[in-house]
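Peer 1: Any chance you could fold what I've pasted below:
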Amino acid sequence: MALLVVCGAAVPAAAQDIDGEQADMAVLRARLKELETKQPAIEAADDSVTDSDVPAADDAVDSGDPDARLRRLLKQWALKSERLPEVEAKLNARHMELQACQALAQRAAARKNVKEATYCVSQLRHRARQAGNFDHPQAPVVAGFWLLQADLFDINSHEPDADQRERQMIARLQEFLADKTRAGANTRKTVTGKSGKAGLLDQSVTEHIQLALLRLYDRRGMTTKACDLAGRIAASKRITPRSMETAKSLCAYCEVVGGRFNAELQLGDDKMWASADLVGKVILIHFWSVGSKLSVLAIRDLKRVHEKFASRGLSMLSVTSSPVDVGTITDDLPWPSYNQGPDQVNLMTAFSVRSAPRYVLIDKAGRVTSLAGGLAVLEQVAGLLEADE
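Peer 2: Numbering: from 1, shown residues only. Model prediction:
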C-alpha cells in the first residue's frame, strides 16, 4: 500500500495549537452535564434517600459554579452509596461518586491548584479502596479501575519520572484487561440497577481502561499495538458511540501505517525536499506549532538526536502551518523545515495530525512505521537505523 500525499488546503495553525486548559475545561463541562443527567437514575434506585438528607450547597454559588455543583453531587452519591439497601445500587452510586471526585481533581489541576488536586486524588484512592469492600463480584474491578485512574492522573501531573511511570502504567492496564478476560463469564456479567440498563463494567470500566491504554500507546509511538487495540474497540458490540469516536480520532492514521511515503515539498528559497532522495535513510518528521510550547521545547531534544544519528543515516524534517514568520525558530535548525501553506502538499492531513507535537518515523524502505505524540518514539530510531531494508 502506498501513501500518496496530494495537494490540498493547509491546516490552519490554530487547529494545531494545544490549549490544554481550555480543552480540559470543555471535557469537564461535558462530564458535569453527563453526571447530572445520570442523577435521576441513581435517585430512582431508592426513594428513601432524598435531597433533604443531603447537606445543601450555597444555592447562589451552586447555580453557576461547576465546583460547587460537583461537590454537591459528590455528597449526594456518597450518602446514597452508604444508605441504599441493594448492593448493586450502592456500587453504582459509589461509581458515580468517584466520577465526581475525579472531575474535581481535574478541575483543580486545570487551575494549577496542586494542594487541592492532591487532596482530591487521595480521596479518589480512599473511596475506591472502600468500594473494593462491597459485597459484590464486580466491586474489586470497579475499585481497581479507579485506583488506576488515580495513577493515570499522577502520570499526567508529574513530569520528572513520567517516562518510567508510563511504562509501568501500560503494564498495569494490560494486566487489568488480561485479568478481566481470564475471569471469563463471571467478570463479563454486567452490574445492573433496577432500570436493567447495561452495567458499569462494560459501559464504563472497560471503555475507560481501553481508551487510557490507547492514549498511552499513541503517546509512546507503540503504533502497532495502538491500531490493534483501536480495531478491537471498533469491533466491540457494546462500546458507546462516544468511546468509538474517541478511538477512531486517536488512531485515524492506522490506514497509512505500513504504507510507503512519497512526497515532494517546496521549501523556502526555491529549495525542494523529496522523500525519493532519502531511500536508505530513516526519516523523522516533527510536526510542531508556534502555539504549542511543548513542541517548540522538543526541538532541543531533537537537536541532540540529530547530532547523534545524522551521520548514521537519520534524516529529519520539521513541519508547521503558521501564518507568521517562524524564521527565528527554524533558521538555526540543522535539518529542513517545511511551513505548509495554502495549495501545498498537506502532510498534516496525510498523517491525521490534529495537535502538536506529533512525530512520524519512516524506515529505510520508505514505509511508515510509527506515529506518536511524545518523544518516547525517538527510542525506536536506533533500531530502525540498524535494521536491514
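Peer 1: what stretches of the chain score poorly on pLDDT?
Peer 2: 1-64, 158-161, 182-203, 323-325, 327, 389 (pLDDT under 70).
Peer 1: one more time with 80
Peer 2: Counting by pLDDT under 80, the ranges of the chain that qualify are 1-64, 155-162, 179-205, 238, 268-270, 322-330, 388-389.
Peer 1: Please parse it into its domains.
Peer 2: Split into domains by automatic domain parsing, the chain comes to 2-10+258-386, 20-184+198-255.
Peer 1: Adding mean neighbour count, write these out as CSV.
Peer 2: Yep, even glycine has a C-beta here, placed from its N, CA and C like the rest. Shown next, in CSV, are these (neighbours: other CB atoms under 10 Å):
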stretch, mean neighbour count
domain 2-10+258-386, 17
domain 20-184+198-255, 17
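Peer 1: Residue 268: what's it in contact with?
Peer 2: 337, 339 (CB atoms under 8 Å, 6 or more residues apart in numbering).
Peer 1: Distance of it relative to residue 356?
Peer 2: Counting by CB to CB, to the nearest Å, the separation of residue 268 from residue 356 is 20 Å.
Peer 1: go on, residue 108?
Peer 2: Taken as CB to CB, the span from residue 108 to residue 356 is 26 Å.
Peer 1: Residue 249 too?
Peer 2: Counting by CB to CB, the gap from residue 249 to residue 356 is 16 Å.
Peer 1: And residue 180, by the same measure?
Peer 2: Residue 180 is 35 Å from residue 356, by CB to CB.
Peer 1: ok, now residue 109?
Peer 2: Distance from residue 109 to residue 356, by CB to CB: 21 Å.
Peer 1: ditto for residue 286
Peer 2: From residue 286 to residue 356 the distance is 9 Å (CB to CB).
Peer 1: shared neighbours, these two?
Peer 2: In contact with both residue 286 and residue 356: residue 295, using CB under 8 Å, 6+ apart.
Peer 1: hang on, residue 316 packs against residue 282?
Peer 2: No: here residue 316 lies out of contact with residue 282, judged by CB atoms under 8 Å, at a distance of 9.4 Å.
Peer 1: list residues touching both of those two?
Peer 2: Residues touching both residue 316 and residue 282 (CB under 8 Å, 6+ apart): none.
Peer 1: Test my guess that residue 214 contacts residue 226.
Peer 2: Yes: assessed by CB under 8 Å, residue 214 is found in contact with residue 226 at 6.0 Å.
Peer 1: tell me, what's touching those two both at once?
Peer 2: Counting by CB under 8 Å, 6+ apart, the residues touching both residue 214 and residue 226 are 250-251.
Peer 1: Residue 102: what's it in contact with?
Peer 2: By CB under 8 Å, 6+ apart, the residues touching residue 102 are 120, 124, 146, 149, 153.
Peer 1: same question, residue 386
Peer 2: Residue 386 sits next to no residue when contact means CB under 8 Å, 6+ apart.
Peer 1: For it, give me phi and psi.
Peer 2: Residue 386 adopts backbone torsions of phi -80, psi -20, taken as degrees, to the nearest 10.
Peer 1: Check residue 288 too.
Peer 2: phi -140, psi 170.
Peer 1: Also residue 257?
Peer 2: phi -70, psi 130.
Peer 1: hang on, it packs against residue 362?
Peer 2: No: contact criterion CB under 8 Å: residue 257 and residue 362 do not qualify, at 10.8 Å.
Peer 1: between these two, what contacts are shared?
Peer 2: In contact with both residue 257 and residue 362: 368-369, using CB under 8 Å, 6+ apart.
Peer 1: Adding distance to residue 347, write the contacts of residue 102 out as CSV.
Peer 2: Compiled in CSV, these are given as follows (distance: CB to CB, whole Å):
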residue, distance to residue 347
120, 41
124, 41
146, 40
149, 35
153, 34
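Peer 1: does residue 368 sit in a helix, a strand or a coil?
Peer 2: strand (DSSP: H, G, I helix; E, B strand; the rest coil).
Peer 1: In a strand, residue 315, correct?
Peer 2: Yes: per three-state DSSP, residue 315 lies within a strand segment.
Peer 1: Kindly provide the distance from it to residue 228.
Peer 2: Counting by CB to CB - residue 315 and residue 228 are separated by 29 Å.
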